[in-house]
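Asks: what's the 3D shape of this:
(chains A and B)
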Amino acid sequence: MFNQGGLSLEQAPPISVVLKFFITASIFGLFLGAYLTVDSLIDLPDNAYAFDLIIVHLLALGVMASFMFGALFQMLPVLAGVVIKMPQKKSTISHLLLIMGLTLQLLAFIFTEPLLYLLTSLILGMGLLHTSTLMLKELFKINDHSSSSKGMIFALSSFSIAIMLGIYLLLTLGGYIQGDLFTQVKTAHYSFALFGWISLLIIAVSFQVVEMFYVTPKYPTLMSRYLIGLLFILLLLKLIALVINFEPLAIDMVISLLLMSYATITLHRLYHRRRPTSDATVWFWRLGMGLLLLTMLITLLDNTIGVDESIKPLSYLSFIGFTLSIVFAMIYKIIPFLVWFHLSNQGYMEAPMMHDVIHPKRAKIHFWIHSLMLLGWTGAMLLNTKALTALASILTMFSFGWLLYHSVMAWKKYRYTQKYTEKIEW
Amino acid sequence: MTKIALDAREMEHPIPLQLAMKYLKEMQEDQYLYMIHRKQPIPLIEIAKEKAFQHLSHLDTHETWHILITKNQYINLKELLDV
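Replies: Predicted coordinates:
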């Protein structure tokens, strides 16, 4: 959808490759909201450890990895000039292994059956590694890298490391290995998944799309050239520090400061847009960057003067808010663009314009639902009331349901235009 | 030749592409699109290639891209370049 690489239209993936991942992510999000709602209303059997793991992995894999795989299948050819041959077949394998693997993982967390842990590590682990390596393989072939394509390499490498560490954790939980380094590996697994995979990918993509979508000044060269590599090296150093039992406080502080500077510069760039129109996606970006700043501020304070235990969960919530805000900002640009672009290029004169696919007002409503959801969870965490937890859970369900409805409608409009309107040769 | 001017330097993505595709679909033999952009619009150029339009991309000293596209295969687009 962008304009930096050497995209050939024949190599652009079919729209279904992208939409199937986006729709799956919304369904997993809806399921997450439903699970939280049921738990808040009828008190599911108490297993706090499994409950946390289920929530975290539904979010990180079911929602985030699905969204990010879909976006990568679309953006690799256009942002990085990378060609993934047979995208339909390869994406279907990735998609199925992700769904099957995650389902097995959730069952493993619930039933703690050794065999389920083993199957999860095989199917989910291999499935995710298959997807990340097929993308990495193509990225390594590029001769002339942009900051985004380099950033994608670091993000996908972080993801591969996080997966391998995750397999170690699963095999330990299943009793197949001793797992002497379980605690350290768990910390490193989360660091590589959250600050490596998710954050680095968002940063890599932002270096191109913020300027392109919102006509902003460019990021400072120093930042676009070195930030992602530096963060990746810091994460590797953190892994080494953890393995040799050295407290990585200083590394965490530097990571926090770097991410804070990135968020501040992005907010500054968005403030200096040449066209000061504000659609919902600009608000999602602003909210996301504000929440990243808040997350890193709490982390920094915790590593220096220490923060109250009741404040720490807020940093997890604000990090989730950051990632979801940016994902939603991207999706409300990607889906309408793809529907219009594919139909228009196929010669359908009545191809819906972007605002007819998903009206900007609908995206703005989602912004308010999403913000209310985050406020609800903040209240629920600080006040610890059942009513607020239930309300926030219902809003979570509503937020993903809203996105699911509009993604499905966009697909229906695409199919309707193909089926019932005239095509011209031009 | 009649010039269809499109200054996309301050337009948000994907408005330049939407406008350019509309112009290309309606273009006559004696017309050409003259687009000025802050980036090279690769998808537009690929569409032009795919539809057998003649095209020219030129980056000037101010880092601005000049993109010329026409259906006419006999005109020399370099002569129409305004830099």
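
Asks: and the gap between the closest residue to B:Gln73 other than its chain neighbours and B:Thr70?
Replies: Of all residues not flanking B:Gln73 in the chain, B:Gln54 sits nearest, at 5.6 Å (C-beta to C-beta, 6 or more residues apart in numbering or on different chains). For glycine as for every other residue, the C-beta is placed from the backbone atoms N, C-alpha and C. Computed as C-beta to C-beta, to the nearest Å, the B:Gln54 to B:Thr70 distance reads 5 Å.

Asks: so the two - more neighbours on which side?
Replies: Counted by other C-beta atoms under 10 Å in any protein chain shown, B:Gln54 and B:Thr70 do not tie: B:Thr70 has more neighbours, with 26 against 17.

Asks: quick one: contacts for the more buried one?
Replies: B:Met1, B:Met27, B:Gln31, B:Tyr32, B:Leu33, B:Phe53, B:Gln54, B:His55, B:Leu77 (C-beta atoms under 8 Å, 6 or more residues apart in numbering or on different chains).

Asks: now do the buried residues in the worst-scoring helix or strand of chain B on mean pLDDT.
Replies: Every helix and strand in chain B was compared by mean pLDDT, DSSP states H and E; the lowest is helix B:42-50, with a mean of 86. Neighbour-count burial for helix B:42-50 flags B:Ile42, B:Pro43, B:Leu44, B:Ile45, B:Glu46, B:Ile47, B:Ala48 (criterion: 16 or more other C-beta atoms under 10 Å in any protein chain shown).

Asks: what is that helix packed up against?
Replies: helix B:15-26, strand B:54-59, strand B:65-70 (3 or more C-beta pairs under 8 Å, 6 or more residues apart in numbering or on different chains; DSSP states H and E).

Asks: who are the neighbours in contact with the most centrally placed residue in chain A?
Replies: For chain A, the residue nearest the mean C-alpha position is A:Met64 (3.5 Å; C-alpha atoms, centre = their mean). Shown in contact with A:Met64 (C-beta under 8 Å, 6+ apart): A:Ala25, A:Ile198, A:Thr323, A:Val327.

Asks: same check, this time on A:Ile326
Replies: By C-beta under 8 Å, 6+ apart, the contact set of A:Ile326 is A:Ile202, A:Ser206, A:Phe284, A:Trp285, A:Gly288.

Asks: also A:Ser325?
Replies: Neighbouring residues of A:Ser325 by C-beta under 8 Å, 6+ apart: A:Phe284, A:Trp285, A:Leu287, A:Gly288, A:Leu291, A:His370.

Asks: sorry, back to before: if any of the contacts of A:Ile326 are buried, give me the ChimeraX selection for them.
Replies: The ChimeraX selection below is limited to those of these classed as buried (16+ other C-beta under 10 Å):
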select /A:202,206,284,285,288
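
Asks: tell me, which of the contacts of A:Ile326 make contact with chain B?
Replies: Cross-checking the contacts of A:Ile326 against chain B (C-beta under 8 Å from any C-beta of the partner chain) gives no overlapping residues.

Asks: look up how far chain A lies from the residue nearest to B:Gln73.
Replies: From B:Gln54 across to chain A, the span is 15 Å (C-beta to the nearest C-beta, to the nearest Å).

Asks: before we move on, the earlier item: need the residues touching each of B:Gln54 and B:Thr70.
Replies: In contact with both B:Gln54 and B:Thr70: B:Leu77, using C-beta under 8 Å, 6+ apart.

Asks: name the nearest residue to the residue in the stretch 201-350 of chain A positioned nearest to chain B, ignoring sequence neighbours.
Replies: The nearest approach of the stretch 201-350 of chain A to chain B comes at A:Met212, 4.6 Å away (C-beta to the nearest C-beta). Distances taken as C-beta to C-beta, 6+ apart place B:His13 nearest to A:Met212, at 4.6 Å, with adjacent residues excluded.

Asks: write out the residues of chain B neighbouring chain A.
Replies: B:10-14, B:17-18, B:21, B:24-25, B:38-44, B:46-47, B:50-51.

Asks: 6 Å - rerun?
Replies: B:Glu10, B:Glu12, B:His13, B:Pro14, B:Met21, B:Lys25, B:Lys39, B:Pro41, B:Ile42, B:Pro43, B:Glu46, B:Glu50 (C-beta under 6 Å from any C-beta of the partner chain).

Asks: can I get those in JSON lines including distance to A:Leu116?
Replies: JSON lines is the format used below for the residues of chain B next to chain A (distance: C-beta to C-beta, whole Å):
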{"residue": "B:Glu10", "distance to A:Leu116": "56"}
{"residue": "B:Glu12", "distance to A:Leu116": "48"}
{"residue": "B:His13", "distance to A:Leu116": "45"}
{"residue": "B:Pro14", "distance to A:Leu116": "45"}
{"residue": "B:Met21", "distance to A:Leu116": "51"}
{"residue": "B:Lys25", "distance to A:Leu116": "55"}
{"residue": "B:Lys39", "distance to A:Leu116": "49"}
{"residue": "B:Pro41", "distance to A:Leu116": "50"}
{"residue": "B:Ile42", "distance to A:Leu116": "46"}
{"residue": "B:Pro43", "distance to A:Leu116": "45"}
{"residue": "B:Glu46", "distance to A:Leu116": "47"}
{"residue": "B:Glu50", "distance to A:Leu116": "49"}
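
Asks: just checking, what packs against the one helix or strand A:Gln74 maps to?
Replies: Assigned by DSSP states H and E, A:Gln74 falls within helix A:66-79. Other elements packing on helix A:66-79 under the criterion 3 or more C-beta pairs under 6 Å, 6 or more residues apart in numbering or on different chains; DSSP states H and E are helix A:15-42.

Asks: please repeat the previous calculation with a cut-off of 7 Å.
Replies: In terms of contacts (3 or more C-beta pairs under 7 Å, 6 or more residues apart in numbering or on different chains; DSSP states H and E), helix A:66-79 is packed against helix A:15-42, helix A:87-111, helix A:126-139, helix A:199-214, helix A:312-346.

Asks: in the chain, what spans have low per-residue confidence?
Replies: Just going to use chain A. Scanning chain A with the threshold set as pLDDT under 70 gives A:1-11, A:44-46.

Asks: wrong one, chain B
Replies: Judged by pLDDT under 70, no stretch of chain B qualifies at all.

Asks: for the residue nearest to the centre of chain A, give its distance to chain B.
Replies: For A:Met64, the distance to chain B - C-beta to the nearest C-beta - is 24 Å.

Asks: need the contact list for the nearest residue to B:Gln40 once chain neighbours are set aside.
Replies: Sequence neighbours aside, B:Trp65 is the residue nearest to B:Gln40 in space, at 5.1 Å (criterion: C-beta to C-beta, 6+ apart). Each residue near B:Trp65 by C-beta atoms under 7 Å, 6 or more residues apart in numbering or on different chains is listed here: B:His37, B:Lys39, B:Gln40, B:Ser57, B:Leu59.

Asks: report the secondary structure state of A:Leu301.
Replies: For A:Leu301, the assignment made with DSSP: H, G, I helix; E, B strand; the rest coil gives helix.

Asks: wait, doesn't it sit right on A:Val307?
Replies: Yes: under the criterion of C-beta atoms under 7 Å, A:Leu301 makes contact with A:Val307 at 5.2 Å.

Asks: between these two, who's got more neighbours?
Replies: For the pair A:Leu301 and A:Val307, the greater number of neighbours falls to A:Val307 (17 against 14), based on other C-beta under 10 Å.

Asks: isn't there a strand covering the more buried one?
Replies: No: under three-state DSSP, A:Val307 falls outside any strand and is assigned coil.

Asks: from the chain's centroid, how far away is the one helix or strand A:Ile255 maps to?
Replies: Assigning secondary structure by DSSP H and E places A:Ile255 in helix A:249-271. Between the centre of helix A:249-271 and the centre of its chain there are 18 Å (C-alpha atoms, centre = their mean, to the nearest Å).
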